[in-house]
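Visitor: Show me the folded form of this:
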Amino acid sequence: MELLTNIAEFFRFIFYDIFFFALWGDLIKIPLPGGNTLNLSLLVILLIPTGIYFTVRTKGLLIRKFPDMLHIATERKQDKKGHAISGFQSLIVSTATRVGMGNLVGVVAAVSAGGAGAVFWMWITALIGSSTAYIEATLAQKHKRKDPLYGGYHGGPAYYIHDFAEQKRKKKLKKSVIAVLFAISGLICWGGISQVISNSVTSAFYTAFDIPPIWTTVILVAIAAVIVLRKKATVKVLDIVVPIMAAIFFVITLVIICLNITEIPGVFGRIFKEAFGIRQVVAGGFGAVLMNGVKRGLFSNEAGSGSAPCAAAAAETDHIAKIGLLQAFGVFIDTIVICTCTALILLLVPETATVGLGGMELLLGAMSHHMGQVGVIFITITLFLFCFSTFLGVLYYARSNVAYLFGSNWTSQTLYKIFALIMLFIGGLATYTFVWDLGDLGIGLMTVFNLLIIIPMGKEALDALKDYDRIRKEEKKAKKEEKCERKQKLQ
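Guide: Have a look, this model is predicted:
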């Protein structure tokens, strides 16, 4: 027995610990004034330059095309047969996974470790990450496939990686090694996420209402099973839950802001001051401020990880660039809107009111300060909705990876859903399992495989953006000419 344990530990070290350190460990350490260092992991080293590169190539996409994003988000068209989801619905599905624990507990961790200045660097990552999100989503749209099982389309990184491999090797392939590795990494990641989701929900309900984890877990798994095991219920549920939960959270934040309106200038002043403050640099804390904001921003909005393209590929649209722009807009919603809401809730609380608190307890304490017990109940229910929608969203993503690996059949799809439900159940009762770490490992590997491909394939998405800009320019010109003609007729 001891021999088997040692063998298991050895393989864990070889296949997990080494890979985990390579992805998340501090590969590069840059000395800073004050004796501290700026530590960079492989994922940050890959994601930040990629985001900057595509931001330059798209000429500041989020700012330049923001009006178009708002316009496209209001289009709720669906194909005549009703099989494909609309662009708006694909935004809803991807927002369901982006807007999750990272927007609550993740922001709490960033502000706790990096101070108010971390919020500014979260905003910066959203600006550059939106361009990466556009590229990967547009590629997913261009390389999507017909979905014979669910109807409509499916796709994502596994499929455009496969097509890229065929282009390079100039022949048809049954499978691409990198595409297979990406698909497996995704399924591992989402299995780990399922456990973290249920544990966060049960912990919050136990802290707020003293409800035993087993009760919360059974109810959570039962509701999830009813939805995910039905063929087309996931998108319908998310279509209702996500807009409502995001809107309510935003409105409650506005109420808190209004109640503390005199303190808002000071809070924003603190954010900017601590983002670049000389005190932070001299004290050696600038590295913590910068990296906590960057890391939380990157891993909250998921830009570059290859998750959201699985939803983007399923959408019906009259131009592939529209779906890319919608997914870029999703990054804005996640980081600029929702994460900022959480940060303001925290920063509007006097530090003396939350001394000694951390994680979810800190957020519950902040809401208690603002709204009493009502605030605690609200943030607990919000966490439940955020986490539950994330679970539904990742299972929707999993459809594409399962189909790529095993083909479009009901058996493999159902087996993975059952596996995810089992992980959801275990996570609700366990404080920690090895699978949680596999979730981090999975998303790290997904990101590496995805970024290696979208950089050389990016021109396809950039060309689509140029074509979209050309069409929009022609439409505006035609409308202007039509308006002039009507004006002349009236005269």
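Visitor: ok, and the closest non-adjacent residue to Ile128?
Guide: Gly51 (3.4 Å; Cβ to Cβ, 6 or more residues apart in numbering). C-beta coordinates here come from the backbone N, C-alpha and C atoms, glycine included.
Visitor: go on, Leu229?
Guide: Lys417 (6.2 Å).
Visitor: before we move on, which element is that neighbour in?
Guide: helix 410-429 (DSSP states H and E).
Visitor: thinking again about what came up before, and the residue nearest to Leu229, what is it in contact with?
Guide: By Cβ atoms under 8 Å, 6 or more residues apart in numbering, the contact set of Lys417 is Val228, Leu229, Leu395, Ala398.
Visitor: just to revisit the earlier point, please tell me I have it right and the residue nearest to Ile128 contacts Thr447.
Guide: No: the pair Gly51 / Thr447 is not scored as a contact, 11.9 Å apart, by Cβ atoms under 8 Å.
Visitor: Between these two, which contacts overlap?
Guide: By Cβ under 8 Å, 6+ apart, the residues touching both Gly51 and Thr447 are Gly304.
Visitor: and the gap between Asn409 and Arg145?
Guide: 15 Å (Cβ to Cβ, to the nearest Å).
Visitor: Next: Lys29.
Guide: For Lys29, the distance to Arg145 - Cβ to Cβ - is 44 Å.
Visitor: Pick out whichever of the two has more residues nearby.
Guide: Taking other Cβ atoms under 10 Å, Lys29 and Arg145 do not tie; Arg145 has more neighbours (16 against 12).
Visitor: List the beta-bridge partners for that one.
Guide: His154 (DSSP bridges).
Visitor: I figured it hits Gly156, correct?
Guide: No: when contacts are counted by Cβ under 8 Å, Arg145 is not listed as touching Gly156 (9.9 Å).
Visitor: that older thread, just the buried ones from the contacts of Lys417, in ChimeraX syntax?
Guide: Buried members of the contacts of Lys417, defined by 16 or more other Cβ atoms under 10 Å, are picked up in ChimeraX with:
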select :228,395,398
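Visitor: State the pair within the contacts of Lys417 that is farthest apart.
Guide: Leu229 and Ala398 (13.4 Å; Cβ to Cβ).
Visitor: lowest-pLDDT helix or strand in this structure?
Guide: helix 278-282 (a mean of 46; mean pLDDT, DSSP states H and E).
Visitor: in the stretch 1-150 of the chain, which segments are predicted with low confidence?
Guide: 1-25, 31-38, 75-106, 109, 113-114 (pLDDT under 70).
Visitor: and if we set it to 50?
Guide: Where the stretch 1-150 of the chain drops to pLDDT under 50, the residues are 1, 79-80.
Visitor: now do the stretch 251-400 of the chain
Guide: 278-287.
Visitor: all strands for it, in order.
Guide: Ranges of strands in the stretch 251-400 of the chain, per DSSP state E, counting those that start in this stretch, are 315-316.
Visitor: Which of the helices or strands spans Lys29?
Guide: Going by DSSP H and E, Lys29 is in strand 28-31.
Visitor: make that Pro148, sorry
Guide: Judged by DSSP H and E, Pro148 forms part of no helix or strand.
Visitor: Distance check, the nearest residue to it once chain neighbours are set aside against Asn401.
Guide: Leaving aside its sequence neighbours, Pro148 sits nearest to Ser408 (Cβ to Cβ, 6+ apart; 5.0 Å). Noted for Ser408: a distance of 12 Å to Asn401, by Cβ to Cβ.
Visitor: Give me the more crowded residue out of these two.
Guide: More crowded of Ser408 and Asn401, by other Cβ under 10 Å: Asn401, with 28 against 18.
Visitor: isn't that one right next to Gly186, touching?
Guide: Yes: using Cβ under 8 Å, Asn401 makes contact with Gly186 at a distance of 4.6 Å.
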